[in-house]
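[1] give me a 3D structure for the following:
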Amino acid sequence: MRRIKGFILTYILVAVGIIAAIVGGFFGFSELKTRADIEQRWSQAQAFAAEHEYGEAIEAANDLISIYPGRSQADLARFEITAWQKLLNEQTNRHQQIKNLLENSRAALSKQEFEKALKFVDEALGLEPEYGASLELQESIRGEIKSTHDTLVQKARKFEYQNNWEKAIELYEQALKQAPGEEVREGLASSWNNLYLDKGRNAERDEDYETAIKYYIKALNFKDLETTRLSLQSVKNLISDRKKFEELSGLAKQAQLGGDLNRAISLYLESQNYTKKSHRAKISVLQEFIIKAREVDSGYSGIFIVSRDNGVGYSSVRDAVNAAKERAVILVMPGVYRERVHVLKTVSISGIEKPENTIIEYSDGHVLKLSANGVFLKDITFRLTDVDGTEPNAVASSVIEVAEGSAKIVGCGIMGGHTGIKVASDTECNLHSNRIYDNFISGVSFEGNARGKVEDNKIYRNRINGILVRGKETKVIIENNQCEENRIGIAIAAGAGPTVADNFLTKNDYCGIYITGAGTNPVIINNRCNNNKNKGILISSGANPNVISNTCSNNKSSGIVADGKGVKGLIKNNECNNNRKSGILISNGAGPEVISNICNLNRWCGIFVTGDGNDATIDGNRCEQNESDGILLLDGASPTVINNICSRNSFRGIDIQGVGTNPRVENNRCENNKRNGIYICQGAKPIVSDNRCLQNGLCGIDIQGSGTKPKVDGNYCEGNTECGIYISKGAEPTVSNNKCDGNLKHGILIEGYGTDPIVSNNRCAGNKENGIFVTDSSGALVKGNNLIENLHRGIKIEGVNTKPTIERNRCEGNKENGIHISGGARPVVIKNICIRNNYSGIDIGGTGTSPIVENNRCEENIDSSGIYIYHGANPSVQGNICSQNDKHGISVGDFGTEPLIKNNRCERNKEGGILIYSKARPTVVKNYCFNNVEFGLGFTEDCKMPANNHWGKDNILEDNGIEDFIIVAIKSKNKSIE
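    Numbering: from 1, shown residues only. As a prediction, the model looks like this:
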C-alpha cells in the first residue's frame with residue numbers, strides 16, 4: 001500500500017513540475033521574490049539570535065509568521081521563538097545579577113577598596129565574559145589602581161632622592177600592596193639597603209665598628225652591592241688593625257720599660273701602619289685607579305680622585321674639575337655627591353663601579369653643564385631631586401646640558417629633570433648605553449643644528465618625549481635604542497632630519513615615533529613600534545619623512561598615521577598588522593606615497609584614507625584579513641590607488657564613499673572578501689579601471705546611491721557569490737569594457753528608480769543567472785555588450801516603468817533567452833544581435849509590458865522563435881530580422897496580447913515566419929516573410945484579427961514551404977504550437 005501511495009505521490013510531483021514549467025514565466029519571478037524575502041527575514045532573526053539579541057530575534061520571527069503564516073519557515077520560527085524566549089528570560093535574570101554586582105563594585109571603588117571592587121567585577125565576568133559594562137568597569141578599576149600606585153612610587157622616589165629612606169620605604173610598601181611588581185620591590189630593597197648603609201657609616205665614623213658590621217650585614221641582606229661589601233670589609237680590617245695596634249703598642253711599652261729602646265722604637269713604628277691606611281694599600285689603590293684611567297682615556301694627562309668618605313683625593317667633583325688639567329681623568333669613588341658642576345675644559349669624569357653606586361645630584365637647574373670639546377662621562381648616575389614637573393611656570397631644568405663644544409656620555413643614568421640631556425644648538429653629543437628615565441619633559445633633546453649619535457640607550461618613563469630632535473639641519477643618528485612608557489618614544493619636529501633606525505618603541509602613551517612640521521624630513525627605517533597605547537608612527541603638519549621597513553603592530557590605534565595638508569613623504573615596505581584601528585591612516589589632506597606595505601589583521605581597515613584634498617598614492621600594498629575593509633576611501637579622499645592586493649577582508653576589498661571622493665583605482669586585486677570586491681557609494685566619482693574582483697562574498701563591484709557617478713572601465717569580475725557588478729539606488733556610473741564572467745547570479749545587475757548608468761561594451765559570460773539584469777524602474781543605457789552562454793538570459797528586463805535603452809548588444813548561446821522583457825517593463829530594444837540562444841532571441845511577456853523592439857537580429861535560436869510575445873504584452877516590434885530559428889520568426893500568443901508587428905523580415909525559419917495564436921490580437925502590417933519551412937504568416941482559429949490588420953495586402957509572403965498564409969490547428973494547451 002505504501003509503495004502505491006509513493007508511486008501516486010511521485011506522479012503528482014512530476015505533473016506539478018510540468019505545470020510549473022508551463023506557467024513559470026508568469027509565476028516564477030513572484031515566487032522567487034517571496035522566497036528571497038522569507039530567507040532574508042529568517043536569516044535576520046537567526047543573526048540576532050547568534051549575537052544573543054533574543055528580543056530582536058523574536059520580533060523578527062513574529063514578523064515572518066504574520067506575513068507568511070503558512071510557510072515552513074513560519075513553523076520553524078514558532079519552534080525557535082519558544083527556545084529564544086527561554087534564553088531571553090535567562091539573559092534578563094543574568095543581566096540583573098551582573099547589574100547588582102557592578103553596583104557593589106562601584107561602591108567598593110568609591111571607598112578605594114580595590115581588591116573588593118575587582119572581586120565583584122570578576123564575579124560579573126564569570127556570568128558573562130564579554131559583557132561590555134563589566135569590562136569597562138574592570139579597566140577603570142585597574143586604571144585607578146595604576147594611578148594610585150604610580151603616585152605612591154613617584155613620591156617614594158622623591159624621598160629616595162632626598163636620602164629620606166624611612167619615608168621612601170613607607171611609600172614603597174604601600175605601592176607594593178596596591179600592585180606587586182619587580183620595579184617596586186627593587187626600589188624598596190634599595191631604600192632598605194641605603195638606610196642600613198647610612199647607619200653603618202655613621203657607626204663607623206663613631207668608631208663603633210661592631211654596630212657598623214651589623215648594619216652592613218643587614219644592608220647586604222636587602223641588596224648585594226660591591227660598595228656595601230667593601231664597607232663591611234673595611235670595618236673588619238679596622239677592627240683587626242686596632243687589635244694589632246693595641247698589641248704592638250703594648251709590646252713597645254713593655255720594651256721601653258725594660259730598657260730595650262731600639263725594640264720599643266721598632267714596635268712603635270710598626271704600630272703606626274695600623275692607625276691609618278697603610279702605604280702599601282695606598283699604592284694598591286693607585287694602581288687600580290691607573291688601570292681605570294687608561295680605560296677612560298688612554299692619553300690622559302693626570303688622575304684626580306674624588307671620594308666622599310675616606311679622605312682620598314678631592315671631596316667634591318667640582319673641586320677636582322677645577323684642579324684638573326686638559327685631558328685629565330677624574331675618577332669618582334662610590335657615594336652620593338650633592339653639587340652642581342660646570343665643565344669648561346676637556347676632561348673625563350667616570351665612576352669606578354656600576355653607575356647606581358656613584359651619584360651626582362642637585363636640587364634643580366642642572367647637575368652638569370658642559371662647555372668644552374671632548375668631555376667624556378661614564379658610569380655615573382646624574383639626577384635632579386627637587387624639580388616640580390607639575391608647576392607650569394617653573395624654569396626648565398636639564399640634568400646635563402651640553403651648552404658648547406662636544407661630549408660623549410656612556411653607561412650613565414640620567415633622571416629627575418625637565419630634560420635629562422639637553423644638547424644645545426651647534427653642539428655635538430654621542431650617547432651610548434645610558435639609562436635615561438623619569439624626566440618631566442624629554443629624556444634627551446637635540447636643538448637646532450645639533451649633531452651626534454644616540455645608540456643602545458634605554459629611555460623610559462619620561463613624561464612627554466623619550467628623545468626629541470628639532471630644528472633645521474639637526475641631523476642626528478638615533479639607532480638601536482629602547483624607548484618605552486614615555487608619552488612619545490621619539491619626537492622629530494621643526495625641520496629636523498635625523499636618521500632613526502633599528503629602535504624598539506613600545507608602551508608609549510601617544511605614539512612610538514612622532515614626526516611634525518614643515519620641512520621635517522627624517523629617515524625612519526627598521527624600527528619596531530609595537531604595543532603602543534595609541535599610534536605606532538604619527539606624521540603631521542607638513543612633515544616629509546621616509547618611513548621604510550618598520551614594524552608597527554598591536555598598537556591600540558593605527559599602525560602609521562599621516563595627518564594634515566602638506567604631509568608628503570614615503571611610507572614603504574612597512575608591516576602594520578593587528579592594530580586596534582587601521583594599519584595605515586591617511587587623513588585631512590595628507591598626501592604621502594604609500595607603497596608595498598603589508599597591512600593585515602587590523603581591527604578596522606588595512607589602509608584608511610579620509611578627508612578633502614588628499615592626493616596620496618596607494619601602490620602595491622597587501623591588505624588582508626582586516627576586520628573591516630582592505631582599503632577605505634572616505635569624505636573627499638582622492639588618492640591614486642593602484643596595484644594593491646585586498647583579500648579575505650571582513651567587509652570590502654576597496655570601499656569608496658562620499659561626495660568629493662574621486663580617486664583613481666586601477667589594477668588592484670580584490671578577492672575572497674566577505675562582502676564586495678570594490679564598493680562605491682554616497683556620491684563618490686572615482687575612476688575604477690583594470691581591477692580584478694574575484695570570488696567575493698557579494699559582488700565584484702557594488703555601486704550605490706544618488707549622485708554616485710564613477711567611471712568603471714576594463715575590470716574583471718569573476719566568480720563572485722552574487723553579481724559581477726551591481727548598480728542600484730540612483731547611481732549613475734559609466735560601466736564599460738568590463739568582463740563579468742562566472743558569477744553565481746548575474747554578470748551586471750541594475751535596479752532602482754533613478755539608477756541610470758551607461759553600461760557599454762562589457763562581456764558577461766557564463767554567469768549562473770543572467771548576463772545583465774535591469775529591474776525596478778532603472779533607466780539605464782545598455783549598449784554594445786557581449787552576453788554569452790549565461791545559464792538564464794543574456795539580458796533580463798523587468799518591473800513596472802523599467803525603461804532602459806538596450807542597444808547594439810550581442811546575446812549569444814545563453815541557456816534561456818537572448819533578451820527577456822516582463823513585469824510591465826518599457827525598454828527601448830534596438831539593433832541587438834540575439835543568436836543561438838536556447839529559447840527565443842527576444843522574449844516579451846506580461847500585462848503592461850510594452851517595449852519598443854526595433855532593428856534587432858534574432859537568428860538561429862534553439863527550440864523557439866526569434867521574437868516571442870505573450871501573456872498580454874503590447875510591444876512595438878518593427879524592423880527586426882528573424883531568421884533560421886528552430887520555430888518561428890515571430891510568435892504572438894495569449895488573450896490581451898496586442899503588439900504592433902511591422903516591417904519585420906522573417907526568413908528561413910524552421911516552421912513559420914509569423915505565428916498568431918491563443919486569442920492574441922496583434923497588428924501585423926508590412927512584414928516580409930519568405931523561405932520559411934512551413935508558412936509565411938499563420939494564425940489559429942481562436943484569433944480574431946482586428947479590422948486594421950492587413951494579412952495579405954500589406955505583408956509580403958512568398959516562397960514559404962507549404963503555404964504563405966494559413967490557419968494553424970491548435971495542437972495542445974502547453975504552447976508547443978509556439
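[2] what's the following helix or strand after the lowest-mean-pLDDT helix or strand in the chain?
    Using mean pLDDT, DSSP states H and E, helix 279-296 stands out as the lowest-scoring helix or strand of the chain, at a mean of 47. Reading on from helix 279-296 to the C-terminus, the next helix or strand found by DSSP states H and E is strand 303-306.
[3] which secondary structure elements does that next one contact?
    If contacts are counted by 3 or more C-beta pairs under 8 Å, 6 or more residues apart in numbering; DSSP states H and E, strand 303-306 sits against helix 279-296, helix 317-323, strand 328-332. Where you see a C-beta, it was placed from the backbone N, CA and C, and this is true even at glycine.
[4] that strand - what's its average pLDDT?
    Strand 303-306 shows a mean pLDDT of 80.
[5] what do you get for stretch 119-133?
    79.
[6] got the residue ranges for the helices in the chain?
    2-50, 54-67, 72-110, 114-127, 132-161, 165-178, 182-205, 209-222, 226-257, 261-272, 279-296, 317-323 (DSSP state H).
[7] average pLDDT for stretch 756-773, rounded please.
    Rounded mean pLDDT across stretch 756-773 is 97.
[8] sorry, slip of the keys, the one I care about is stretch 506-517.
    pLDDT averaged over stretch 506-517 gives 96.
[9] for that stretch, buried residues please.
    506-508, 510-517 (16 or more other C-beta atoms under 10 Å).
[10] break this structure into its domains for me.
    For the chain, automatic domain parsing gives the domain ranges 2-108, 226-272.
[11] check those for me: which has the lowest mean pLDDT.
    Among the domains of the chain, domain 226-272 scores lowest, with a mean of 60.
[12] okay, the residue positioned nearest the centre of the chain: pLDDT?
    Most central in the chain under C-alpha atoms, centre = their mean is S582, positioned 2.1 Å from the mean C-alpha point. S582 is assigned a predicted lDDT (pLDDT) of 96.
[13] got it, and the one 4 residues further on?
    I586 is assigned a predicted lDDT (pLDDT) of 95.
[14] and E934, by the same measure?
    89.
[15] correct me if wrong: it contacts E911.
    Yes - counting by C-beta atoms under 8 Å, a contact exists between E934 and E911, whose distance comes to 4.9 Å.
[16] so between those two, which is more surrounded?
    Neighbour count, other C-beta atoms under 10 Å: between E934 and E911, E911 has more, with 22 against 19.
[17] for that one, what are its contacts?
    By C-beta atoms under 8 Å, 6 or more residues apart in numbering, the contact set of E911 is 886-888, 932-935.
[18] again with Q884
    Neighbouring residues of Q884 by C-beta under 8 Å, 6+ apart: 859-860, 907-910.
[19] those residues into CSV, with extra columns for neighbour count?
    Listed next are the contacts of Q884 as CSV, based on neighbours: other C-beta atoms under 10 Å:
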residue, neighbour count
E859, 23
E860, 17
E907, 19
R908, 17
N909, 33
K910, 14
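[20] adding pLDDT and distance to G818, write those residues out as TSV.
    What follows is these, written out as TSV (pLDDT from 0 to 100; distance: C-beta to C-beta, whole Å):
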residue	pLDDT	distance to G818
E859	97	10
E860	96	11
E907	95	18
R908	95	18
N909	95	15
K910	93	17
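[21] need the longest strand for the protein.
    Secondary structure of the chain read by DSSP state E shows that its longest strand is strand 398-410.
[22] name the surrounding residues that touch that strand.
    Contacts of strand 398-410 (C-beta under 8 Å, 6+ apart): 366-379, 382-384, 414-424, 427-434, 439.
[23] state the mean pLDDT of that strand.
    96.
[24] do stretch 365-372 as well
    94.
[25] was I right to think the residue nearest to the centre of the chain contacts T610?
    No - counting by C-beta under 8 Å, S582 sits too far from T610 to count as a contact (9.9 Å).
[26] what residues are shared contacts of these two?
    Contacts common to S582 and T610, judged by C-beta under 8 Å, 6+ apart, are L632.
[27] burial count for S110?
    9.
[28] and it, how far from E144?
    10 Å (C-beta to C-beta, to the nearest Å).
[29] now C412
    36 Å.
[30] looking at the two, which has the bigger crowd around it?
    Applying other C-beta under 10 Å to C412 and E144 shows that C412 carries more neighbours, namely 29 against 15.
[31] picking that back up, which of the buried residues of stretch 506-517 fall within strands?
    Those of those lying in strands (DSSP E): 506, 511-516.
[32] can you put the residues you listed in TSV and add distance to A57?
    Listed next are those as TSV, based on distance: C-beta to C-beta, whole Å:
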residue	distance to A57
T506	43
C511	42
G512	44
I513	47
Y514	47
I515	49
T516	50
